[in-house]
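**Student:** I need the structure of the sequence given here:
(2 chains)
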Amino acid sequence: MTPLAGYLLVAALVFAIGLAGALTRRNAILVLIGIELMLNAANLNLIAFWRYGAHPELLSGMMFAVFSIAVAAAEAAVGLGLVISIYRHTRTTDLDEMNRMKG
Amino acid sequence: MNGVFWILAALTVFGALAAVTLKNTVHCALAVTIAFAGLALLYLQLDAQFAGFAQILIYIGAVAILVVFAILLTRGSETPKDGIFSRSWFTGMIIAAGVFAVLGWAVIQSVHVLPYQADAPSVTVNQIGNALLSRYVLPLEIVALLLTAALVGAVIVAMHERGEKK
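**Tutor:** Numbering: from 1, shown residues only, chains lettered A, B, ... in the order given. Have a look, this model is predicted:
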């Protein structure tokens, strides 16, 4: 197995774990944690391809990953703000109980 | 493929698994920090120093703290009485296992065509700064705008509404 395949398999495993967390947990904050894990797995793919692919001096993969980290930070801030706002309204972060769009 | 890679991969996968399976939400936040640290070390192992340190600063320094704050502000550390997994957990597990099977199959099938560059790229922070302000200047400005909008938006969303009871 080549090194790149190893990194890609680790990234696939982390992505699947994050997806499982996002789909199966009740707590809204843990769903956000699962989404963060999936974004991180994608970043690992980008950096692995940058390292082992052609023309690393163009920095494409690394810049993709750095911008993706910045976007993920913005997503985390807005997502947790939304969770706190919903909690203030319904007094719960249990997603199974959030089944109404009306306040 | 060396021992360091396997240790870091095991650390990352262990942290991620613990983050989605532990009962106590605060423990989950700590476990996901371990996974973020493992990923940062994997970036360093891939000779991407800048991305690795950015990962440590942003994920371990900011996102993990934000998650812990959100958990403590919402009393999310209390374990719900009817279990930590949602009613549709079985479907979710099947979907996640299917996604992993497809991704793993794709990687295994394409092992022979994956690129392999043996010599490590030498990239200085100087080069990264130059690239950010020349070739990638438009994405950089858009990210700056996005971060400003997210900052203002997060404050507005989480702010108390006027006249709302505490």
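
**Student:** Which helix or strand lies directly C-terminal to whichever strand or helix holds B:Val67?
**Tutor:** Assigned by DSSP states H and E, B:Val67 falls within helix B:64-73. Downstream of helix B:64-73, the first helix or strand assigned by DSSP H and E is helix B:89-109.

**Student:** Which residue ranges of the chain form strands?
**Tutor:** No chain in the question, so chain A it is. Per DSSP state E, chain A carries no strands over any range.

**Student:** Any stretches of it with poor pLDDT?
**Tutor:** For chain A, the stretches with pLDDT under 70 are A:103.

**Student:** A:Ser68 versus the residue positioned nearest the centre of it, what's the distance?
**Tutor:** Nearest to the mean C-alpha position of chain A, counting by Cα atoms, centre = their mean, stands A:Glu36 at 2.5 Å. For A:Glu36, the distance to A:Ser68 equals 11 Å [Cβ to Cβ, to the nearest Å]. C-beta here means a position set from N, CA and C on the backbone, and glycine is covered the same way.

**Student:** any idea how far A:Leu9 lies from B:Ile108?
**Tutor:** Shown here: A:Leu9 relative to B:Ile108, a distance of 8 Å by Cβ to Cβ.

**Student:** There's contact between A:Ser85 and B:Val157 in this structure, I believe.
**Tutor:** Yes. Counting by Cβ atoms under 8 Å, A:Ser85 touches B:Val157, with 5.1 Å between them.

**Student:** before we move on, back to that, would you indicate which residues of the helix holding B:Val67 are buried?
**Tutor:** For helix B:64-73, the neighbour count (16 or more other Cβ atoms under 10 Å in any protein chain shown) marks B:Ala64, B:Leu66, B:Val67, B:Val68, B:Ala70, B:Ile71 as buried.

**Student:** got JSON lines for these, with pLDDT and distance to chain A too?
**Tutor:** Output for the buried residues of helix B:64-73, formatted as JSON lines (pLDDT from 0 to 100; distance: Cβ to the nearest Cβ, whole Å):
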{"residue": "B:Ala64", "pLDDT": "93", "distance to chain A": "9"}
{"residue": "B:Leu66", "pLDDT": "92", "distance to chain A": "6"}
{"residue": "B:Val67", "pLDDT": "93", "distance to chain A": "6"}
{"residue": "B:Val68", "pLDDT": "92", "distance to chain A": "10"}
{"residue": "B:Ala70", "pLDDT": "91", "distance to chain A": "4"}
{"residue": "B:Ile71", "pLDDT": "91", "distance to chain A": "6"}
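
**Student:** just these now: which is nearest B:His27?
**Tutor:** Closest approach to B:His27 among these (Cβ to Cβ): B:Ile71, at 10.2 Å.

**Student:** For the closest one, list the residues it contacts.
**Tutor:** Listed by Cβ atoms under 8 Å, 6 or more residues apart in numbering or on different chains, the contact set of B:Ile71 reads A:Ile29, B:Thr25, B:Val26, B:Ala29, B:Ser77.

**Student:** now, which of these sits nearest A:Thr93?
**Tutor:** Using Cβ to Cβ, A:Ile29 comes nearest to A:Thr93 of the contacts of B:Ile71, at 6.2 Å.

**Student:** how far away is that closest one from B:Val68?
**Tutor:** Counting by Cβ to Cβ, the gap from A:Ile29 to B:Val68 is 10 Å.

**Student:** Show the contacting residues for B:Val125.
**Tutor:** Contact partners of B:Val125, counting by Cβ under 8 Å, 6+ apart, are B:Phe50.

**Student:** Recalculate using a threshold of 10 Å.
**Tutor:** Counting by Cβ atoms under 10 Å, 6 or more residues apart in numbering or on different chains, B:Val125 touches B:Gln49, B:Phe50, B:Phe53.

**Student:** my read: B:Val137 touches B:Ala131, true?
**Tutor:** Yes. B:Val137 lies in contact with B:Ala131 (Cβ atoms under 10 Å); the separation is 9.3 Å.
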